[in-house]
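S.K.: Quick one, what's the 3D model for this:
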Amino acid sequence: MADKVKPCKQHSQQRSLYIGKGLFFWVDEKSKEHPLPPDTTTISATKDGYSDGYAPSGEIKKSVKAQSLSQANIQTIQEAYMPPEAVALIIRFSITFKAHSGKLRRCDNKEMKKVIAKLAEAYKNVGGYRVLVRRYLENLLLGVWLWENQCTLGTQICLTDYKTKDQLIVDDVETRCFSRDLDDLEESLEPWIDRIEKALTSPKDYCSILVEAKLKLPLSAEVFPSQGFAEGESLSKLLATCNFNGEEQVVFTRHKLGAAVHQIDDWFSGADYRVRVSTYGADREELTAHRLPKEGEDYFSLLQNANDYIEFLESNPDPQDSKMDKIHFLMACHVCGGLRQKSDKK
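M.R.: You can find the predicted model right below:
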């Protein structure tokens with residue numbers, strides 16, 4: 001067994017995936033695109049909150065009366081809807097892949113820098129990056145990044161390479177997303193896997209791609225962009241927006257899009273679905289973490305075994321071997337980037 005790798009006080013790594021804002025456009029009968037604006041409205045909601053009837057201790061509030069609970073809960077909110085004359089919705093964003101996973105941006109330990117670089121090189125040599133790239137492409141092409149906008153009357157997704165102008169188009173995404181079916185595109189996927197793998201492993205070969213989804217929706221259907229958060233605002237619910245030629249337009253934030261693209265981790269024990277790659281396997285929907293330190297599956301526990309993983313990779317294993325699972329997770333974390341340093345605080 002090789003020497004353990006110790007955590008560093010300074011451990012900073014640049015992310016390898018750079019994602020722009022997702023812009024929402026509605027399309028009219030003449031195929032002209034228009035920025036989709038937020039719709040601000042005041043509603044008369046009911047009082048459904050726990051605190052409306054109960055104290056923090058769980059006791060029923062003495063001041064609660066039938067009349068007070070029946071009164072309106074006035075809220076000003078923002079939502080987004082397709083205009084009645086719209087024939088389609090288009091959402092597009094750009095993503096750039098860069099080679100940052102093989103080095104640390106800031107580190108106080110030269111040995112750690114060498115280990116990270118050596119691990120990345122060995123991982124590249126066995127084709128490990130291809131496993132990650134395949135999963136990123138699946139999430140892009142199956143519309144995982146559309147979030148609540150996946151249930152449509154028809155969805156088409158197109159990838160366009162900015163440099164070569166090559167395109168990859170997938171139809172029937174609204175049904176494929178449930179079965180994760182891309183079997184008919186295996187041959188078409190290979191050159192895309194090749195170019196993105198190269199971008200993640202060679203600094204001079206970065207790759208920028210335009211991702212575009214065209215959605216058919218029912219009349220005046222609700223659309224779900226990112227929510228915004230602003231303290232002190234009078235609005236109860238805000239939507240994330242940007243200014244497009246003087247018009248306010250709803251968007252997906254790059255953080256929302258990134259969370260979907262990085263949803264590739266099913267390498268933890270007992271996994272039957274994928275979660276976003278993170279140090280402790282955080283799962284916000286289930287309110288749990290799948291990679292607990294006491295079980296040795298979190299990033300810091302696995303990083304200590306990096307030298308063992310390098311030796312294993314040098315034996316030229318099959319990248320699909322289940323013994324590669326921990327290494328895939330480590331490298332997926334390195335692609336994500338971030339601050340993972342040891343703190344002096346208790």
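
S.K.: Check the spacing between the nearest residue to residue 241 once chain neighbours are set aside and residue 257 real quick.
M.R.: Nearest non-adjacent residue to residue 241, counting by CB to CB, 6 or more residues apart in numbering: residue 248, 5.0 Å away. All C-beta spots, glycine's among them, are computed from the backbone N, C-alpha and C. Distance of residue 248 to residue 257, given as CB to CB, to the nearest Å: 20 Å.

S.K.: Any idea which residue is closest to the centre of this structure?
M.R.: residue 259 (1.8 Å; CA atoms, centre = their mean).

S.K.: I'd say that one and residue 278 touch.
M.R.: No: if you go by CB atoms under 8 Å, residue 259 and residue 278 don't touch, sitting 9.6 Å apart.

S.K.: and residue 35, what are its bridge partners?
M.R.: residue 25 (DSSP bridges).

S.K.: quick one: contacts for it?
M.R.: Residues in contact with residue 35 (CB atoms under 8 Å, 6 or more residues apart in numbering) are 23, 24, 25, 244, 245, 247, 248, 249.

S.K.: Mind telling me the two of those farthest from one another?
M.R.: 24 and 245 (14.2 Å; CB to CB).

S.K.: Neighbour count for these two, which is higher?
M.R.: Neighbours per residue, other CB atoms under 10 Å: of residue 24 and residue 245, the larger number sits with residue 24, 28 against 6.

S.K.: got a list of contacts for the helix or strand harbouring the residue nearest to residue 241?
M.R.: Using DSSP states H and E, residue 248 maps to strand 247-252. The contact list for strand 247-252 (CB under 8 Å, 6+ apart) reads 21-25, 35-38, 80, 91, 93, 145, 147, 223, 225-226, 239-243.

S.K.: Report the buried residues of that strand.
M.R.: Buried residues in strand 247-252, counted by 16 or more other CB atoms under 10 Å: 249, 250, 251, 252.

S.K.: related to what we said a few turns ago, just send the contacts of residue 35 back as CSV, with distance to residue 208 and pLDDT too.
M.R.: Converted to CSV, the contacts of residue 35 look like this (distance: CB to CB, whole Å; pLDDT from 0 to 100):
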residue, distance to residue 208, pLDDT
23, 16, 98
24, 21, 98
25, 20, 98
244, 21, 89
245, 23, 88
247, 26, 90
248, 27, 94
249, 22, 97
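
S.K.: can you tell me which helix or strand residue 317 belongs to?
M.R.: Residue 317 belongs to no helix or strand, assigned by DSSP H and E.

S.K.: where do the strands sit along the stretch 51-200 of the chain?
M.R.: Using DSSP state E, counting those that start in this stretch, the strands of the stretch 51-200 of the chain run over 73-81, 88-97, 106-107, 154-161, 167-170.

S.K.: Out of these, flag the one nearest residue 14.
M.R.: Closest among these, using CB to CB: strand 106-107, at 9.6 Å.

S.K.: Pairing partners for the closest one, with directions?
M.R.: Strand 106-107 has these strand partners (DSSP bridges): strand 11-13 (antiparallel).

S.K.: Quick check: residue 242 touching residue 21?
M.R.: Yes: contact criterion CB under 8 Å: residue 242 and residue 21 qualify, at 6.1 Å.

S.K.: out of these two, which sits in the busier spot?
M.R.: residue 21 (20 against 14).

S.K.: Nearest residue to the more buried one in space, ignoring adjacent ones along the chain?
M.R.: Computed as CB to CB, 6+ apart, the closest residue to residue 21 that is not its neighbour in sequence is residue 251, at 4.6 Å.

S.K.: where along the protein do the helices fall?
M.R.: 50-53, 66-70, 110-125, 128-141, 173-179, 186-201, 254-261, 299-303, 306-313, 325-336 (DSSP state H).

S.K.: quick one: contacts for residue 7?
M.R.: Under the contact definition (CB under 8 Å, 6+ apart), the residues listed for residue 7 are 300, 303, 304, 340, 341, 342.

S.K.: what sits against residue 111?
M.R.: So residue 111 contacts residue 5 (CB under 8 Å, 6+ apart).

S.K.: Would you quantify the distance from it to residue 335?
M.R.: Counting by CB to CB, the gap between residue 111 and residue 335 amounts to 22 Å.
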